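[1] The following block contains a protein sequence and its predicted model.
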Amino acid sequence: MTRAADVYYRTRRSSELSKHPAEVFAEAEEHPVTVTRRDGESLVLISQREADRRAKLLEFATQLITVATDEHGTLAERMSKVFPWMLALSVTDRSTCAREILDAARASFATEQPHLAIAELTAWKETATAIAAGLHSADLEWIDDEQLVERP
């Protein structure tokens, strides 16, 4: 069975990397590139950005395992222990946050797309940070969709 992410991997021979490094490197900035070798195991070339995303996803998975193995409290309470910034949210929002983060994590793990979980986690954390800073009580003035704003 092939993994969902296999379609995003491109395969290049090591000789192609030797002859056309700029082309292969540019490709690796967009998606992982498997470099096959006759004399050894294939290697995967990825960008630092992609490696960092994968490391963040593994760290996040560790945190979720900690939440899953805790037997005390609701999901939102257990997640608030691991992610204390959630305490800035209302009880209702904590529950919503916990469910949405878990759903995004499941989607990330199933599709091998780290950005889904990381973006959801970041969005909720930024929301909690804004609430903690008092920005939730600010009066907002929304610009009407039909009102054109002059370009600078």
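    Sure, I can see it. Source: prediction; values computed, not measured. Residues are numbered from 1 along each chain as shown.
[2] for stretch 23-34, which positions count as buried?
    Of the residues in stretch 23-34, 24, 27-28, 32-33 count as buried by neighbour count, 16 or more other CB atoms under 10 Å. Bear in mind the C-beta positions are built from the backbone N, C-alpha and C, glycine included.
[3] er, stretch 112-129 I mean
    Under 16+ other CB under 10 Å, the buried positions of stretch 112-129 are 113-114, 116-118, 120-121, 124-125, 127-128.
[4] residue contacts, the spatially closest residue to Arg10 that is not a sequence neighbour?
    Nearest residue to Arg10, sequence neighbours excluded (CB to CB, 6 or more residues apart in numbering): Val33, at 5.1 Å. By CB atoms under 8 Å, 6 or more residues apart in numbering, Val33 lies in contact with 9-12, 24, 27, 44-46.
[5] and the gap between Val33 and Glu112?
    Computed as CB to CB, to the nearest Å, the Val33 to Glu112 distance reads 16 Å.
[6] Out of the buried residues of stretch 112-129, which is nearest to Ala76?
    Trp124 (11.7 Å; CB to CB).
[7] Check the gap between the spatially closest residue to that closest one that is not a sequence neighbour and Ala119 for me.
    In space, Trp124 comes closest to Cys97 once its chain neighbours are excluded; the distance is 4.7 Å by CB to CB, 6+ apart. Here Cys97 is placed at a distance of 14 Å from Ala119 (CB to CB).
[8] on that earlier part again, in helices, which of the contacts of Val33 fall?
    Among the contacts of Val33, the members falling in helices (DSSP state H) are 24, 27.
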